[in-house]
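K.L.:
the sequence isn't on hand, but the structure is:
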């Protein structure tokens, strides 16, 4: 079960990641941060996102992983965290599956 502090950190991380992607990514694809999963020890966070169009997923994931250090610097200057957790990025396959189920139920 997530603590209140974990939830608060996850929400702020997701918001900051969305702002970072909006500022730093190119206009070829739309990167949408779906959620951030914070470890129970608060030392690491996994930021999950989706990409439209889907053909740019690999390049967006490569972009995100390549800019982890820049994102940590962005967190240092735009957040009130005392310690910046280790950040990693992944495509949110759960959200993609949910969207596929929604499409199938509409038919």
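P.N.:
Thanks, I have the structure now. For clarity, every value in this text was computed on a predicted model and none was experimentally measured.
K.L.:
number of nearby residues for the residue nearest to residue 28 when sequence neighbours are not counted?
P.N.:
Leaving aside its chain neighbours, residue 28 sits nearest to residue 56 (6.0 Å; criterion: C-beta to C-beta, 6 or more residues apart in numbering). C-beta here means a position set from N, CA and C on the backbone, and glycine is covered the same way. Residue 56 is flanked by 17 other residues according to other C-beta atoms under 10 Å.
K.L.:
tell me where this structure has helices.
P.N.:
Per DSSP state H, the chain carries helices over the ranges 4-24, 57-66, 68-78, 93-106.
K.L.:
of all those helices, which one is nearest residue 38?
P.N.:
helix 4-24 (4.7 Å; C-beta to C-beta).
K.L.:
how about the closest one: buried residues?
P.N.:
Residues 6, 9, 10, 12, 13, 14, 16, 17, 18, 20, 21 are the ones in helix 4-24 that count as buried (16 or more other C-beta atoms under 10 Å).
K.L.:
need the contact partners of that helix.
P.N.:
2, 31-38, 40, 42, 45, 47, 49, 64, 67, 70-71, 74-75, 78-79, 81, 85, 87 (C-beta atoms under 8 Å, 6 or more residues apart in numbering).
K.L.:
residues in contact with the residue nearest the centre of the chain?
P.N.:
Centroid-nearest residue in the chain: residue 47, 3.2 Å away (criterion: C-alpha atoms, centre = their mean). Shown in contact with residue 47 (C-beta under 8 Å, 6+ apart): 13, 14, 17, 33, 35, 36, 64, 87, 88, 89, 90.
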